[in-house]
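[1] I need the structure of the sequence given here:
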Amino acid sequence: MPDPISGLRQRVSALGRVDLFNLNIFNPNFFRQTPFRLTLVFLSVYVFVALLVFGYIYLATSTESRAWGNSAIDARMKVFQEIQTTEGQAGVVSKVLTDDAVEWVFAKGAFDGSGQVLAQNNRARMEGRDLPDYVIAAGMKMLKAGRKEMSVNFFSRSPNDEKCCRYQGRIVQLGDDFLVYVAMDMSFADHNFQQEVKAAVGGGILVIILGLFAGTLINQEVSRSVQRVTGVLERVQEGDLKARIPVRDTGDEFDALGIRINQTLARMEKTMGNLKYAGDAIAHDLRSPLSRLRSKLEVSLIDVDKDPSQAREALAKALDETDQLLRTFQTVFAISRLQAAGGAPDQVIFDATALADDMAELYELVAADKGLEFEFEIERDVKALGNRDFLAQALANLLDNAVKYTPEGGITLRLRRTSQREVEFSITDTGPGVPEKDRGRIAERFVRLENSRTLPGVGLGLSMVEAVAVAHKGRLDISEGPGVYKNQGPGLRTALVLPAV
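    Predicted structure coming up:
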């Protein structure tokens with residue numbers, strides 16, 4: 001299992017080696033590459049969500065600011081109303097003129113029904129004519145409409161600052177011909193909000209720039225990983241079956257993809273090698289039968305010219321040789337079909353005990369014809385999942401080999417469930433066996449050991465068995481037999497193991 005810390009260090013090191021001056025962003029395909037487009041999508045979503053959040057904050061802030069301003073104005077207007085009740089108009093005017101020490105953010109004033117200004121605090125006087133003119137005009141409209149109070153929001157250009165100030169206020173009629181206004185300077189709240197907007201915009205721009213930069217780096221890293229894959233595939237397409245994708249042991253998706261592709265390439269290389277080897281082996285192993293067939297046909301042709309009665313025997317021998325060639329090709333075709341399908345067809349649960357009984361009954365007679373003892377140990381009520389015909393052919397191949405390569409002694413067929421509940425068919429013989437160094441390759445196609453060259457066959461029996469085992473998600477085990485028997489041995493044990501049902 002790859003070390004995640006080591007993988008992280010390699011990833012950081014790889015990013016540190018990125019050439020910032022060679023990001024290739026001027027390549028037209030750069031902006032169409034998936035990582036960069038995903039970065040743009042992410043940034044677009046981020047900007048959209050940020051705008052929604054900012055809009056909500058703006059609405060909440062402005063509503064809260066307006067409510068707070070109204071509350072402050074109401075409190076001061078209530079004071080004027082109480083003074084009007086207790087002290088009259090003169091008391092209100094006096095209050096307007098003496099509130100500046102603690103009420104600097106408020107512009108206050110009083111005027112009569114004709115628009116004559118009766119009193120203003122210093123803040124109202126400093127704002128020039130815009131503030132009283134607007135307020136008085138609004139008050140006149142209010143009186144004409146028969147209303148007792150009116151909210152006002154206006155902008156007044158201050159002599160000291162033309163950008164100042166926005167006011168939120170209220171006009172209230174306290175007497176028959178007496179009006180008072182209180183307006184609160186909201187420019188400090190606007191200034192704070194503007195600062196927040198600038199900070200949000202600046203932060204958003206910074207995030208977008210960093211996001212684009214990060215997207216570019218990620219795009220370069222992903223493109224580099226993809227180029228490693230496509231480069232190897234191009235080499236394979238050109239015929240280099242040994243090309244492999246470098247695995248960085250980072251544990252990421254590209255490593256997983258590289259490992260799977262490398263496994264596929266290794267299997268492809270092995271398959272192509274097997275095809276090449278099979279072709280060479282077929283040419284080698286079929287050369288002798290074909291040469292013998294041709295020689296026999298030539299001799300038979302001469303013999304038939306001399307004695308026409310030899311024609312039938314010559315044709316029979318030629319048919320035997322031809323049948324052997326056909327069986328070879330049929331076996332190769334069956335193995336290829338199993339490997340191409342990736343699994344045995346028409347698999348069902350069947351009685352493995354009955355299959356073992358049938359094979360024991362058949363090969364007990366075959367072994368007896370050769371003078372061999374045949375024993376069997378078959379467990380009862382064993383079920384297996386698979387294609388019975390393919391498995392029967394595989395067992396027949398194993399038993400044929402056992403009979404063929406056992407000069408004397410005996411053969412034992414066993415069926416049992418293993419400790420893992422697997423179903424195991426095993427055949428043990430007392431023949432010469434197979435050296436341990438050769439056991440790994442005797443199941444390869446057309447492989448025949450030196451001591452078997454004189455016996456009939458082309459080296460496809462165990463290949464067929466292994467193909468059947470793999471097609472059933474099982475395996476073929478090859479091991480040493482029971483030991484030395486009459487100066488020969490140690491024998492051989494082959495086992496076809498199927499998964500538990």
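
[2] distance of the residue nearest to residue 387 when sequence neighbours are not counted from residue 498?
    Nearest residue to residue 387 in three dimensions, chain neighbours excluded: residue 344, at 4.3 Å (Cβ to Cβ, 6 or more residues apart in numbering). Heads up, the C-betas are built off the backbone N, CA and C, glycines and all. Here the criterion is Cβ to Cβ, to the nearest Å. By it, residue 344 lies 10 Å from residue 498.

[3] what pLDDT does the closest residue to residue 481 other than its chain neighbours get?
    Leaving aside its sequence neighbours, residue 481 sits nearest to residue 491 (Cβ to Cβ, 6+ apart; 2.2 Å). As predicted, residue 491 sits at a pLDDT of 85.

[4] Please apply the same query to residue 275.
    pLDDT, residue 275: 63.

[5] ok so, going back, does the residue nearest to residue 481 touch residue 434 like I think?
    No: using Cβ atoms under 8 Å, residue 491 is not in contact with residue 434; the gap is 9.7 Å.

[6] Listing partners with orientation, what would you give for the strand ranked longest in the chain?
    Counting by DSSP state E, the longest strand found in the chain is strand 166-175. Strands that pair with strand 166-175, judged by DSSP bridges, come out as strand 149-155 (antiparallel), strand 178-185 (antiparallel).

[7] Show the average pLDDT along it.
    On average, strand 166-175 scores 86.

[8] For that strand, buried residues please.
    Using 16 or more other Cβ atoms under 10 Å as the test for burial, strand 166-175 gives 166, 167, 168, 169, 170, 171, 172, 173, 174.

[9] repeat for stretch 56-69
    Within stretch 56-69, the residues scored as buried using 16+ other Cβ under 10 Å are 65, 69.

[10] and that stretch, how far out from the chain's middle?
    Counting by Cα atoms, centre = their mean, to the nearest Å, stretch 56-69 is centred 46 Å from the centre of its parent chain.

[11] Extract the C-alpha set from that stretch and format it as PDB.
    Extracted C-alpha coordinates of stretch 56-69, given in PDB (Å, rounded to 0.1, in the frame of the first residue of the first chain):
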ATOM      1  CA  TYR A  56     -28.500  39.200   1.800                       C
ATOM      2  CA  ILE A  57     -25.900  41.000   4.000                       C
ATOM      3  CA  TYR A  58     -26.700  44.300   2.200                       C
ATOM      4  CA  LEU A  59     -30.400  43.900   2.700                       C
ATOM      5  CA  ALA A  60     -30.000  42.800   6.300                       C
ATOM      6  CA  THR A  61     -27.500  45.600   7.100                       C
ATOM      7  CA  SER A  62     -29.500  48.400   5.400                       C
ATOM      8  CA  THR A  63     -32.700  47.200   7.100                       C
ATOM      9  CA  GLU A  64     -31.000  47.100  10.500                       C
ATOM     10  CA  SER A  65     -29.300  50.500   9.900                       C
ATOM     11  CA  ARG A  66     -32.700  52.100   8.900                       C
ATOM     12  CA  ALA A  67     -34.400  50.600  11.900                       C
ATOM     13  CA  TRP A  68     -31.700  51.700  14.300                       C
ATOM     14  CA  GLY A  69     -31.800  55.300  12.800                       C
END
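
[12] outside of that stretch, which residues touch it?
    Applying Cβ atoms under 8 Å, 6 or more residues apart in numbering, the external contacts of stretch 56-69 come out as 168, 184, 186, 189, 193, 196.

[13] Pull out the buried residues from those residues.
    The neighbour-count test (16+ other Cβ under 10 Å) applied to the contacts of stretch 56-69 identifies 168, 184, 186, 189, 193 as buried.

[14] Let me see the contact set for the fourth one.
    Put plainly, it is residue 189. Contact partners of residue 189, counting by Cβ under 8 Å, 6+ apart, are 65, 69.

[15] measure it to residue 366 for me?
    When distance is defined by Cβ to Cβ, residue 189 is 104 Å away from residue 366.

[16] Same check on the second one?
    For residue 184, the distance to residue 366 equals 113 Å [Cβ to Cβ].

[17] would residue 479 count as being in a helix?
    No: looking at residue 479 with DSSP: H, G, I helix; E, B strand; the rest coil, it is strand, so not inside a helix.

[18] got the domain boundaries for this structure?
    Taking automatic domain parsing as the criterion, the chain consists of the domains 60-186, 253-339, 342-498.

[19] before we move on, back to that, surely the residue nearest to residue 387 and residue 390 touch.
    Yes: counting by Cβ under 8 Å, residue 390 is a contact partner of residue 344 at 5.4 Å.

[20] deepest of the strands paired with strand 166-175, which one?
    Comparing the strands paired with strand 166-175 by mean neighbour count (mean count of other Cβ atoms under 10 Å), strand 178-185 ranks first with a mean of 26.

[21] List of residues touching that one?
    Contacts of strand 178-185 (Cβ under 8 Å, 6+ apart): 69, 72-73, 76-77, 80, 84, 89, 92, 96, 105-113, 118, 123-124, 131, 135, 139, 142-143, 152, 154, 164-174.

[22] out of the contacts of stretch 56-69, who's nearest residue 49?
    Taking Cβ to Cβ as the measure, residue 49 lies nearest residue 196 of the contacts of stretch 56-69, at 17.4 Å.

[23] what about the closest one, which helix or strand?
    helix 187-237 (DSSP states H and E).

[24] now residue 109
    Following DSSP H and E, one finds residue 109 within strand 106-112.

[25] Which strands and helices lie in contact with the helix or strand following that strand?
    The helix or strand immediately downstream of strand 106-112 is strand 117-120, counting by DSSP H and E. Here strand 117-120 touches helix 89-97, strand 106-112, helix 130-144, going by 3 or more Cβ pairs under 8 Å, 6 or more residues apart in numbering; DSSP states H and E.

[26] so which of these gets nearest residue 203?
    Using Cβ to Cβ, the helices and strands packed on strand 117-120 put strand 106-112 closest to residue 203, at 34.5 Å.

[27] which outside residues touch that closest one?
    By Cβ under 8 Å, 6+ apart, strand 106-112 touches 72-73, 76, 89, 92-93, 96, 99, 117-121, 123-124, 127, 131-132, 135-136, 139, 156, 167, 169, 177-185.

[28] tilt between it and helix 89-97?
    If you take axes from the mean of the first three to the mean of the last three Cα atoms, to 10 degrees, strand 106-112 sits at 150 degrees to helix 89-97.

[29] in its sheet, what does the strand holding residue 109 sit against?
    Strand 106-112 has these strand partners (DSSP bridges): strand 117-120 (antiparallel), strand 178-185 (antiparallel).

[30] beta partners of the closest residue to residue 367 other than its chain neighbours?
    Computed as Cβ to Cβ, 6+ apart, the closest residue to residue 367 that is not its neighbour in sequence is residue 374, at 3.9 Å. Counting by DSSP bridges, residue 374 forms beta bridges with residue 411.
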